[in-house]
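J.: Coordinates for the following, if possible.
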Amino acid sequence: MLIAAAGYIINDYFDIKIDQVNHPEKVVLGKVIPRKTAIIAHTLINVVAIALAGSVALAARHPEWLALQLTCTALLWVYSTTYKRRYMSGNIIVSALTAFTVVALFVYEPRLHLAAGAPLTRSRAALSSLPVWILAVYAYFAFMLTWVREIVKDMEDIEGDAVDGCVTMPIKRGLGYAAWFASALAALAIIPLVIWGVVLLQYEYTMLGTYILALLALPLAVWIGYLWRGPAGPAHYHAASRMLKVIMLLGISSLLIYKFQ
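T.: Residues are numbered from 1 along each chain as shown. Next comes the predicted model:
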């Protein structure tokens, strides 16, 4: 969480020019908070985060684990300074880092290592002993939806990005191509959700299976239709981005149902 917070700070620091065009009313750095303070806060927050990660790694006798957090911190820095302005690579970095919050559980939870090697049988007990497959679906969902949302954000911020010399997908290929690409990614996210929702119903995880189909797969399908309705302007894409936030929140909330069942 701290590493993500520091990443947001440094991203805002390097995006002042873009934000002054796209969201001038929301710009805080340079107005309310001095830019120097932002850099200091970014550094301190990262130091605390690395210290916490280091203490866990040492306690577990796996100092190499610290490389995971150091890599995330470095990627967020180069994303904000360089890759954010390059075609597609910045979107993929942010998406991968989001999915990594789930994938990290495979490193830190030894029981998942045992579960990953267990045979898959058609029984409810077998499914409950293999959360590794559940987490794989969550990681995939996080990656795909974050990638979609990053593209939609680029569509919303096309004017400011162009002023700053960014080469985002909407700028290089146009809004129409970006909309088709985002829709295709959303469809690829729906397919495993539907499959896994049906599988969960077969394993008698009725509540979770119904939740995934009704509150994740269906809303995402409706979102694709919404993306193509309305004027192709910042307000429309901002609303589409907010809808994706809600769907992502619903996806995270489904973990509570999985825990309950």
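J.: Grab the nearest non-local neighbour of A179.
T.: The shortest distance from A179 to any non-neighbouring residue, by CB to CB, 6 or more residues apart in numbering, is to L227 (5.9 Å). The way it works is simple: take the backbone N, C-alpha and C, and place the C-beta from them, glycine included.
J.: Enumerate every residue touching L66.
T.: With contact set as CB atoms under 8 Å, 6 or more residues apart in numbering, L66 has these partners: I50, A53, G54, A57.
J.: pLDDT wise, what is it at?
T.: L66 carries a pLDDT value of 95.
J.: what do you get for I92?
T.: So, for I92, pLDDT stands at 96.
J.: In the helix or strand where it lies, which residues are buried?
T.: Using DSSP states H and E, I92 sits within helix 89-108. Within helix 89-108, the residues scored as buried using 16 or more other CB atoms under 10 Å are 90-91, 93-100, 102-103, 106.
J.: Out of those, which is nearest to V246?
T.: T98 (16.1 Å; CB to CB).
J.: Out of the buried residues of helix 89-108, which comes closest to Y237?
T.: Closest to Y237, out of all of the buried residues of helix 89-108 and judged by CB to CB, is N91, at 14.7 Å.
J.: okay, and for the stretch 1-150 of the chain, where does confidence drop off?
T.: Filtered on pLDDT under 70, the stretch 1-150 of the chain yields the residue ranges 113-131.
J.: Helices along that one, start to end?
T.: 2-14, 16-22, 35-59, 66-81, 89-108, 110-116, 124-128, 131-156 (DSSP state H, counting those that start in this stretch).
J.: export the ones you listed to TSV and tack on distance to L250?
T.: Listed next are those as TSV, based on distance: least, CB to CB, whole Å:
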stretch	distance to L250
helix 2-14	20
helix 16-22	27
helix 35-59	28
helix 66-81	25
helix 89-108	16
helix 110-116	24
helix 124-128	22
helix 131-156	10
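J.: Return the most buried member of these.
T.: Across the helices of the stretch 1-150 of the chain, averaging neighbours per residue (mean count of other CB atoms under 10 Å) puts helix 131-156 on top, at a mean of 22.
J.: elements contacting that helix?
T.: On a contact count with 3 or more CB pairs under 8 Å, 6 or more residues apart in numbering; DSSP states H and E, helix 131-156 meets helix 89-108, helix 110-116, helix 169-173, helix 175-202, helix 234-260.
J.: Tell me which of these sits nearest to A139.
T.: helix 89-108 (4.1 Å).
J.: And the helices and strands packed on helix 131-156: which comes nearest E150?
T.: helix 89-108 (4.1 Å).
J.: which strands and helices sit next to that closest one?
T.: helix 66-81, helix 110-116, helix 131-156.
J.: Would you mind giving these as a markdown table with distance to A217 added?
T.: A markdown table is the format used below for the helices and strands packed on helix 89-108 (distance: least, CB to CB, whole Å):
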| stretch | distance to A217 |
| --- | --- |
| helix 66-81 | 30 |
| helix 110-116 | 25 |
| helix 131-156 | 10 |
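J.: picking that back up, out of the buried residues of helix 89-108, which one sits closest to F181?
T.: Among the buried residues of helix 89-108, and counting by CB to CB, the member closest to F181 is N91, at 10.1 Å.
J.: pretty sure the closest one contacts W147?
T.: Yes - if you go by CB atoms under 8 Å, N91 and W147 touch, sitting 5.6 Å apart.
J.: Identify the contacts common to the two.
T.: Common neighbours of N91 and W147 are not found (criterion: CB under 8 Å, 6+ apart).
J.: hang on, the earlier thing: could you redo the helices and strands packed on helix 131-156 as a markdown table and give each row distance to Q20?
T.: Rendered in a markdown table, the data for the helices and strands packed on helix 131-156 read as follows (distance: least, CB to CB, whole Å):
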| stretch | distance to Q20 |
| --- | --- |
| helix 89-108 | 20 |
| helix 110-116 | 45 |
| helix 169-173 | 18 |
| helix 175-202 | 22 |
| helix 234-260 | 15 |
